[in-house]
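1. Quick one, fold the following:
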Amino acid sequence: MKHWFYITVTLLAFTLVSCSSAGETAQQGDYLLTVNPGEEWLHQYSTFIKNPPQYAIWMEDASGTYLGSLFVTRKIATEGWIFNGENRRVEALPVWSHRRNITDGAGFLVPSKEKPLADGITGATPKREQELLLRPTDKDGSFWLYLEINHSTDFNGSWPEDASPEDENWSGGEGGSGQPSLVYRCFVDPASAGSWSMTLIGHGSPDGSDGGIYPDISSLTTALRILESAEVERLP
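-> A predicted model of the protein is given here:
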C-alpha cells in the first residue's frame, strides 16, 4: 500500500496529507488531488531564468462559503518575491485573496513577511506532478475545490507590459502578472462519482482590485497552457 507523509493541519472537516515515501498511510475515503503541469508551467522570466507559477488551492462548502486554504505556493504565501520591489503582487491570485479575506495589517489582502501562512500548507512550486491527499472527517460530505494559478510577467498583446494604471488592461506594471490568473474548480460529491476533473471557469481581476471571476478568457494565450489538468479521486 502506498504511504504518505502527514504535513500539517486539521482544516475544519479535512486533514491535509502529502506524498512521501514514509509516514501516513492512505485510507479508504481519502481524496487524492493530482496537479499536472502544462507546457507553459515554466515561464521565461528573463534571459537566464525560468520561473514556475504561483497557485493556491482552497475549499468551500456546498453553499460556496470559504473554509480554508489547502496548499499555497511559497512566494505568495510568505511574500517571498525577489524582484518585486515594492509591488505586493495583489494581482497574483486575487480570487483566493478575496475569498480568504485576511489583510496583512497594512491593508493588503495577501500574506506578508511579517504575517506569512503556516508552513504546513505552503511549499515551493513543484517542477512536476504534485499529489495532495485530503482526509475528510465527514466521509460523506460534499464540497467545492478551487485552484487559482498565475505567472508573473506573462505579458501578451492584450495584457502588455507598457499598460498604464489608468488602462483597463493594467496588470501590475513591469513586474506584474501580464495575463491574469486562471480559476479552476470542481464540485466533489461522493454520492455521485468517484473522480472529478477541475474545469476552467474564468480569470481573476487583472489588477487584483476585486475577487470576481471573469468568464471571458479570449484574451489569454500562453496562460491557458500553464496547467494541463487537476484531478480529484476518492480512494476506494
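
2. Skipping its backbone neighbours, what lies nearest Pro160 in space?
-> In space, Pro160 comes closest to Asn169 once its chain neighbours are excluded; the distance is 6.9 Å by C-beta to C-beta, 6 or more residues apart in numbering. For the C-beta atoms, the positions are set from N, CA and C on the backbone; glycine is no exception.

3. Test my guess that the one you found contacts Glu161.
-> No: in this structure Asn169 lies outside contact range of Glu161 using C-beta atoms under 8 Å: 10.6 Å.

4. which stretches of this protein aren't confidently modelled?
-> Along the chain, segments meeting pLDDT under 70 span 1-24, 83-85.

5. returning to what we had before: how many other residues sit next to the residue nearest to Pro160?
-> Close neighbours of Asn169, defined as other C-beta atoms under 10 Å, add up to 16.

6. Now do the phi/psi pair for the nearest residue to Gln179 once chain neighbours are set aside.
-> For Gln179, ignoring the flanking residues on the chain, the nearest one in space by C-beta to C-beta, 6+ apart is Ala223 at 4.0 Å. Dihedral pair for Ala223: phi -60, psi -30, per degrees, to the nearest 10.

7. Also Val183?
-> Torsion angles, degrees, to the nearest 10, at Val183: phi -120, psi 130.

8. Just grab the bridge partners of Leu200 for me.
-> Tyr184 (DSSP bridges).

9. From Gly105, how far out is it?
-> 34 Å (C-beta to C-beta, to the nearest Å).

10. Next, name the residue at the spatial heart of the protein.
-> Centroid-nearest residue in the chain: Ala56, 2.2 Å away (criterion: C-alpha atoms, centre = their mean).

11. just checking, that one is part of a strand?
-> Yes: counting by DSSP: H, G, I helix; E, B strand; the rest coil, Ala56 is part of a strand.

12. longest helix of this structure?
-> Longest helix in the chain, counting residues (DSSP state H): helix 94-100.

13. can you pull out the helices in the protein?
-> Under DSSP H, the chain gives helices at 74-78, 94-100.

14. To Asn87, which of those lies closest?
-> helix 74-78 (12.2 Å; C-beta to C-beta).

15. mind saving the C-alpha coords of that closest one as CSV?
-> Only the C-alpha atoms of helix 74-78 are listed here, as CSV (Å, rounded to 0.1, in the frame of the first residue of the first chain):
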residue,chain,number,x,y,z
ARG,A,74,5.7,29.8,-1.1
LYS,A,75,6.2,33.2,-2.8
ILE,A,76,2.7,34.3,-2.4
ALA,A,77,2.3,32.6,1.0
THR,A,78,5.4,34.4,2.5
